[in-house]
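Asker: compute the structure for the input listed below.
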Amino acid sequence: MLALKLALVPGFLAALTLAGRVWGPSVAGWLAGLPVVAGPIVLLLALERGTAFAVHVSVASIAAIAASEAFNFAYAWTCRANCWWVALLVGLVAWAVVAVLLTHLPLSLAWSGAVACVAVAVSQAGLPRVEGVMPAARVPFADLALRMLAGTLLTLAVTTLSASMGPAWSGVLSVFPLLGSVLAVSAQRAHGAPFVALLMRGMVIGRASFAAFFLVAASTLPTLGVLPAFACGAVVSVLVQGATKRLVEMSHKPRAPLAALD
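Answerer: Purely as a prediction, here's the structure:
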């Protein structure tokens, strides 16, 4: 299990970096929506603490989309006029405020789904817009290595904390913006605020596959058990991800000759 923690996030960060280089930030952000971090974390919690606990964590994970979107929203706007560490600090404060509020909500699919939908709608309407196409960009090896190291350390911290908390906080922490924070900081430092904005907009589209995974898991865990339920969730998540591909293509079609923020 420790090997999975140490390999999963750094490996996926490397894959997202390659995707951003080949296809641009929108695709990298879209792929980051897959539950490749939260899914294994909740699976480990399910194996350790039982099916009932896993159901509650899965429901809380859907609501926690709102906290991740709060981070993205705050970071994307702050980085337009500030350096990366200021944007990161503001983003983490926004995440923490929403996370605390979420732990006081009822743990039900209806509440969680409503909160997630509102958060995604707000981000879709309010994130900074980019006109034109941001070119795919090269990432130096040293920067990639730094991303992977940061991802490893954050994964260890989050999984350690979530394993010792109740279902609400475990669900919220499992959706801590591990990928979002590392990708946002490195993207801003290397390519600037417009690249970050497109990255975040891709993440909004990717939330559908994330929510589908935990919706299926929460609904089927009591009857199917842990491994079959998570397998079904993974299949549905991939299908939903494929269904949203067209939205990503539309999100970065050229609309103006220059890549500039509104």
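Asker: end-to-end on stretch 31-50?
Answerer: Distance across stretch 31-50, first residue to last, is 29 Å (C-alpha to C-alpha, to the nearest Å).
Asker: pull out the buried positions in that stretch.
Answerer: Of the residues in stretch 31-50, those buried under the neighbour-count criterion (16 or more other C-beta atoms under 10 Å) are 31-46. C-betas here are computed from N, CA, C, even on glycine.
Asker: now it: average pLDDT?
Answerer: Averaging the model's pLDDT scores along stretch 31-50 yields 84.
Asker: could you dump stretch 86-93 to PDB, C-alpha only?
Answerer: Provided in PDB are the C-alpha atoms of stretch 86-93 (Å, rounded to 0.1, in the frame of the first residue of the first chain):
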ATOM      1  CA  VAL A  86       0.400  34.300  -2.600                       C
ATOM      2  CA  ALA A  87      -2.000  32.600  -5.000                       C
ATOM      3  CA  LEU A  88      -1.300  29.300  -3.300                       C
ATOM      4  CA  LEU A  89      -1.900  30.700   0.200                       C
ATOM      5  CA  VAL A  90      -5.200  32.300  -0.900                       C
ATOM      6  CA  GLY A  91      -6.300  29.100  -2.600                       C
ATOM      7  CA  LEU A  92      -5.600  27.000   0.400                       C
ATOM      8  CA  VAL A  93      -7.400  29.400   2.700                       C
END
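Asker: can you list contacts of that stretch?
Answerer: Counting by C-beta atoms under 8 Å, 6 or more residues apart in numbering, the neighbours of stretch 86-93 from elsewhere in the structure are 70-72, 74-75, 78-79, 82, 177, 181, 184-185, 188.
Asker: just the ones of those in strands?
Answerer: Under the assignment DSSP state E, those contribute nothing to strands.
Asker: scan those and report the most crowded one.
Answerer: Note: the member of the contacts of stretch 86-93 with the most neighbours is Tyr75, at 31 neighbours, neighbours being other C-beta atoms under 10 Å.
Asker: mind listing what it touches?
Answerer: With contacts taken as C-beta under 8 Å, 6+ apart, Tyr75 has the following neighbours: Ala87, Leu88, Val90, Gly91, Gly180, Ser181, Ala184, Val196, Met200.
Asker: now do the helices in the stretch 51-200 of the chain.
Answerer: Taking DSSP state H, counting those that start in this stretch as the test, the helices found in the stretch 51-200 of the chain are 51-63, 65-78, 84-102, 109-126, 141-162, 167-174, 178-191, 193-224.
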